[in-house]
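Undergrad: Structure, please.
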Amino acid sequence: MIASILPDIDMSDSVKFGFQVWNTFMKSVYALLTESPSQFKDGEIWKAVQKINPYFITVGTIAVSLCFAMGLVKNQVDLKREMNIEMAIKLFARISIAEWLLTNTFYIIDAIFSAATWLIGKVLTGGVKKMSLSKAQLKLFEEVDPIESIVLLIFGFICLVVVIVLAMVMIYTVYSRFFKVYVSAPFSALAIAGVAGGGMGHVARANLQNMITYALEGVAISMTLFVCSKFIGSGLDLGLKTGNSDTVKAMAVLIEKTFTIALTVGLTKGAENLVRKNLGL
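TA: Have a look, this model is predicted:
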């Protein structure tokens, strides 16, 4: 009875659906990677963040004055006796640079991400590499023994759930990159105040490093997708297709495809750490 019912079930349907979900999410990922924060959602979120930035600039201006004063105290400068022209020029230049950076924070951040987005576009020139089953692989699912297809059906469903979860993790990782930028950008106005002196230069440097890391994280993700797309195209050889059973071979195909997706997502999740380690940020 089971044998008479199962032949009507297309065992490749769930697999095709899982890959379709993955391909759809990957299409969105590619589109997101080729957008800078100022372009995401037609720039509406970026404009909203810019509207509250003047409040941070106001506090940042006060912070510049405090850092400048701290610098004077730290260097034990007697304004009446020890100040010379060279020192005055250096102090004036430092506070002028801090004020200029404070005013143009968003332009600098946008320039950094625009450059990274251009590089991402060059890396992803080939477009989305779709995950799919070849004709030979589809034939394996069609030739599976009806009784053994019960096992394959359960295994295929498990792989389907795993692929959908991994696809959601992938899209979450790319989306979270934008939110980190939007939340961090206004704080740049406060961090840049450290340029004025007072031993707070490391704060401005740390903020700049973070912004560069977020920008290059997108480049690292695009490189991950580029490299993993080659695995998708050429396939993996995990040595699982040693049996003569079509069921074993079909399960091996599912394992290799799911492993490739898991590898892609794992490397994407570690993109930020990869940038920090390679560039010392």
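Undergrad: Next, Ser38: phi, psi?
TA: In terms of degrees, to the nearest 10, the main-chain angles of Ser38 are phi -80, psi -10.
Undergrad: Select the longest helix from the chain.
TA: Counting by DSSP state H, the longest helix found in the chain is helix 149-184.
Undergrad: And that one, what does it pack against?
TA: Contacts defined by 3 or more Cβ pairs under 8 Å, 6 or more residues apart in numbering; DSSP states H and E place helix 149-184 against helix 12-33, helix 44-74, helix 201-234, helix 246-269. (Each C-beta comes from the backbone N, C-alpha and C, glycine too.)
Undergrad: Next, the angle helix 12-33 makes with it.
TA: Counting by axes from the mean of the first three to the mean of the last three Cα atoms, to 10 degrees, helix 149-184 lies at 10 degrees to helix 12-33.
Undergrad: nearest to Leu101, of the helices and strands packed on helix 149-184?
TA: Ranking the helices and strands packed on helix 149-184 by proximity to Leu101 (Cβ to Cβ) places helix 201-234 first, at 7.9 Å.
Undergrad: just to revisit the earlier point, so for Ile150, which of the helices and strands packed on helix 149-184 sits nearest?
TA: Closest among the helices and strands packed on helix 149-184, using Cβ to Cβ: helix 246-269, at 9.9 Å.
Undergrad: Go through that closest one and flag the buried ones.
TA: 246-258, 260-261, 263-265, 267-269 (16 or more other Cβ atoms under 10 Å).
Undergrad: Likewise for stretch 90-97?
TA: Buried residues in stretch 90-97 (16+ other Cβ under 10 Å): Leu91, Arg94, Ile95.
Undergrad: Do me a favour and get the backbone dihedrals for the closest residue to Lys257 other than its chain neighbours.
TA: Using Cβ to Cβ, 6 or more residues apart in numbering and skipping the chain neighbours, the partner closest in space to Lys257 is Met131 (6.4 Å). In this entry, Met131 is assigned phi and psi values of phi -90, psi 120 (degrees, to the nearest 10).
Undergrad: what element comes up after the longest helix of the chain heading to the C-terminus?
TA: Next helix or strand after helix 149-184 toward the C-terminus (DSSP states H and E): helix 187-191.
Undergrad: Do me a favour and average the pLDDT over that next one.
TA: The average pLDDT within helix 187-191 is 82.
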